[in-house]
Every structure is written in structure tokens, then in C-alpha cells.
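**Q** this one's sequence-less:
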């Protein structure tokens, strides 16, 4: 029987490299409890210990009030996306519009279409309004 062309150790290293690379590509965020980035994410998320604690509390409670509290306290946080992605559509729809409007444009642009729709952000930005009558944008006839 012929020997494998690739040494076993090299095969393990390749598989580990693929796994480590696939985590950020799948959109998974790795966050240390102390708030430092694990280095395994493409976004390089860093957060203060207070920010991570507030994120964990909002995530574990999963209530509209806890999510709104985090959004008010950290509207520019890289953790906002992860928190909102993990919420149910029902919870997202109940978040106060004023809180949503205070989110940074960078955070809003990183959200999935499902979350944007539940937060009514796709309507506010004008996306998906083709064929609807309404106020003129000044460009179309």
C-alpha cells in the first residue's frame, strides 16, 4: 500500500488553518471576556470590559428593554451587529425608533436585510421602494 503523499501533521495544520479562516468568513464574532479581540475575526472587534458586560447582559436577557439599554449606551459598538442579529424579529420590531435612529451609519450598513427590515431601516433608507408612489426624489420624472 502506498504512503500518503502528505504527512499527517501537515494535513492537521491545513485543516486547522481552514477552520480558523472559516470562522470570520461565516460571520462569527469571537470576543474575549476581558474585551480584547481574539484576533480570529476579520473585523478585529475590541471592546471595553463594561461594554462586553452590557452586551452579555442584553444578550442573555433578550428583552426589548435590555437591548435598547445597550443600544443607547453603545450605539457605535461593533457588538451592536452581533446583538441585533441574535434577536427575534418580534423583539427587533419592538425596539424604539429613536434608539434605532441613533445607531451609527457603519453599524446600520453592516446589518442583515432581515434585521434592517424588522427595524424599519430599509423603508427609511428608501431601499426596495421601486414602483411605489410617494414624494419625488427630484431625479425621476
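**A** Yep, it's here. Computed from a prediction, not measured in an experiment: that's the story for all the values here.
**Q** quick one: residue 84 is in a helix?
**A** Yes - judged by DSSP: H, G, I helix; E, B strand; the rest coil, residue 84 forms part of a helix.
**Q** Would you confirm that it contacts residue 114?
**A** No - assessed by Cβ atoms under 8 Å, residue 84 is found out of contact with residue 114, at 9.8 Å. For glycine as for every other residue, the C-beta is placed from the backbone atoms N, C-alpha and C.
**Q** who's more crowded, the two?
**A** Neighbour tally, residue 84 and residue 114, criterion other Cβ atoms under 10 Å: the higher count belongs to residue 84, 26 against 12.
**Q** quick one, what contacts that one?
**A** Residues near residue 84 by Cβ atoms under 8 Å, 6 or more residues apart in numbering: 67, 92, 111, 115, 119.
**Q** Surely residue 96 touches residue 68?
**A** Yes - using Cβ under 8 Å, residue 96 is in contact with residue 68, at 6.0 Å.
**Q** neighbour count winner among those two?
**A** residue 68 (17 against 13).
**Q** low-scoring stretches of this structure, by residue?
**A** The model of the chain has pLDDT under 70 over residues 1-45, 122-141.
**Q** now the helices: where do they sit in it?
**A** Using DSSP state H, the helices of the chain run over residues 8-25, 49-61, 64-73, 79-85, 89-93, 97-101, 105-110, 113-118, 121-124.
**Q** most neighbours per residue, which of those?
**A** The highest average neighbour count among the helices of the chain, using mean count of other Cβ atoms under 10 Å, belongs to helix 79-85 at a mean of 21.
**Q** Contacts only, for the closest residue to residue 73 other than its chain neighbours.
**A** Closest residue to residue 73 apart from its sequence neighbours, by Cβ to Cβ, 6 or more residues apart in numbering: residue 54 at 5.9 Å. Residue 54 sits next to 69, 70, 73, 74 when contact means Cβ under 8 Å, 6+ apart.
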